[in-house]
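Trainee: I need the structure of the sequence given here:
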Amino acid sequence: MTRQAAERSATERLEWLARAGYAARGLVYVMVAGLVLLGSVGGGSPDSKSALQLLLDQPFGRIWLGLVAVALIGFVLWRLMQAVANADNHPENAKGYVARAGMLVSAITYSGLAFYAVSHALQMGGGGSGDGSRSWTAWLIRQPFGPYLVGIVGLCILGAGLALIFKGIGRRYRRFLSLDAHLHPALDLACVFGLVAKGVVFLIVASFFLYAAFAVDPDQAGSTADALTWVRQLPFGAALYILLGLGLLSFGLYGFIEARYRRVQPPSLQQARQAMPI
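Mentor: Model (predicted):
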């Protein structure tokens, strides 16, 4: 096999891994939405790890969870290519660098979820579904300038949430989709609703981290499940909780749409070397 043929084959495999990753992310959020809309029956929290645990409890659960783990690893690799090798061809300016930084944060986040899936599929234990956000926030806040670091994390989450909302409202996701015709209006609306709902959840989580930094108290940090619980306690909270659940369901559907229509163009080895000079 020639070098060009080998590189083309590797590119095709990476593309399929990326598409499988988008589908896996969609599945996780559909299951999270199910936990929300069903009132978290069975005692599970409405978060990604509880969704994976629910999958593990099904017949052939370890096999299904293993497949999801592989797909999530593919998604992490694709996020790294977007962040480091600029696979989406973002402009070389502040806006482009911020977008790529967001992809790097996403890669780190989903690598943790992928590790959780792998460890439970192989029955390795660890990676429990406890207060993960609080535990690593507690570690971070003990470091030099720890409260400032936690505040920076909060600002990054805040920026990601605003970016998701603007991406949805402005239909900016369309330029990354390869469509011969316009997306069906119902699917287009699902993309907008899903991105805005996910962005709102991020804004709530960001407020937890910013308050944790201000109070120098890691117990004030929170996750998606904490954000949903907070919403449920608001006036008209039950209705808002269901609305966010439907929004996360729409975000899961958006993941399936990306799996099918996302423009996935992994950089060549030469592009990767140029982006990561060593």
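
Trainee: As a check, name the ranges of all strands in this structure.
Mentor: For the chain, strands defined by DSSP state E do not occur.

Trainee: Output the lowest mean pLDDT helix or strand found in it.
Mentor: Comparing every helix and strand of the chain by mean pLDDT, DSSP states H and E singles out helix 269-275 as the least confident one, with a mean of 53.

Trainee: Show the pLDDT at L249.
Mentor: Here the pLDDT value assigned to L249 is 94.

Trainee: where in the protein is pLDDT low?
Mentor: By pLDDT under 70, the weakly predicted segments of the chain are 1-10, 39-45, 124-134, 180-181, 267-278.

Trainee: Which helix runs longest in it?
Mentor: Looking only at the chain and at elements set by DSSP state H, the helix with the highest residue count is helix 3-37.

Trainee: Quick one: list the elements packing against it.
Mentor: In this structure, helix 3-37 packs against helix 48-56, helix 61-84, helix 94-121, helix 237-261, with contacts taken as 3 or more Cβ pairs under 8 Å, 6 or more residues apart in numbering; DSSP states H and E. Where you see a C-beta, it was placed from the backbone N, CA and C, and this is true even at glycine.

Trainee: Show me what the longest one is packed up against.
Mentor: So the one you mean is helix 94-121. Using 3+ Cβ pairs under 8 Å, 6+ apart, helix 94-121 is in contact with helix 3-37, helix 48-56, helix 61-84, helix 146-169.

Trainee: can you rerun that using 6 Å?
Mentor: Here helix 94-121 is seen to pack against helix 48-56, helix 61-84 when contacts are counted using 3 or more Cβ pairs under 6 Å, 6 or more residues apart in numbering; DSSP states H and E.

Trainee: V153 reaches A206, doesn't it?
Mentor: No. Proximity of V153 to A206 does not meet the contact threshold set by Cβ atoms under 6 Å, at 8.6 Å.

Trainee: I'd guessed I165 sits against V196; true?
Mentor: Yes. With the criterion set as Cβ under 6 Å, I165 and V196 qualify as a contacting pair; they are 5.3 Å apart.

Trainee: Contact partners for the residue nearest to V150 when sequence neighbours are not counted?
Mentor: Residue nearest to V150 in three dimensions, not counting chain neighbours: A213, with 4.1 Å by Cβ to Cβ, 6 or more residues apart in numbering. The contact partners of A213, by Cβ atoms under 6 Å, 6 or more residues apart in numbering, come to P147, V150, G151.

Trainee: Pick the one among the residues you listed closest to L228.
Mentor: Closest to L228 out of these is V150 (21.4 Å), distances taken as Cβ to Cβ.

Trainee: how many other residues sit next to R232?
Mentor: R232 has 17 neighbouring residues, counting by other Cβ atoms under 10 Å.

Trainee: Now it. Nearest residue, chain neighbours left out?
Mentor: Distances taken as Cβ to Cβ, 6+ apart put Y241 closest to R232, at 4.4 Å, once the chain neighbours are dropped.

Trainee: Compute the number of surrounding residues for G252.
Mentor: G252 is surrounded by 25 other residues when neighbours are defined as other Cβ under 10 Å.

Trainee: my guess is it meets V30, correct?
Mentor: Yes. At 3.6 Å, G252 and V30 qualify as touching, with contact defined as Cβ under 6 Å.

Trainee: I'd like to know how far L189 sits from R171.
Mentor: 11 Å (Cβ to Cβ, to the nearest Å).

Trainee: got a list of what W64 touches?
Mentor: So, once contact is read as Cβ under 6 Å, 6+ apart, W64 ends up touching L55.

Trainee: residues in contact with F251?
Mentor: Applying Cβ under 6 Å, 6+ apart, we find F251 in contact with Y29, G194, K198.

Trainee: at 8 Å what do you get?
Mentor: With contact set as Cβ atoms under 8 Å, 6 or more residues apart in numbering, F251 has these partners: G26, Y29, A33, G194, L195, A197, K198.

Trainee: go on, A20?
Mentor: Applying Cβ under 8 Å, 6+ apart, one finds that A20 lies in contact with V70, A71, G74, F75, A259.

Trainee: Contact partners for the fourth one?
Mentor: Right, F75. So, once contact is read as Cβ under 8 Å, 6+ apart, F75 ends up touching L17, A18, A20, G21, Y22, A24, R25, Y110, A114.

Trainee: Please apply the same query to the last one.
Mentor: With contact taken as Cβ under 8 Å, 6+ apart, A259 is in contact with R19, A20, Y22, A23, G26.
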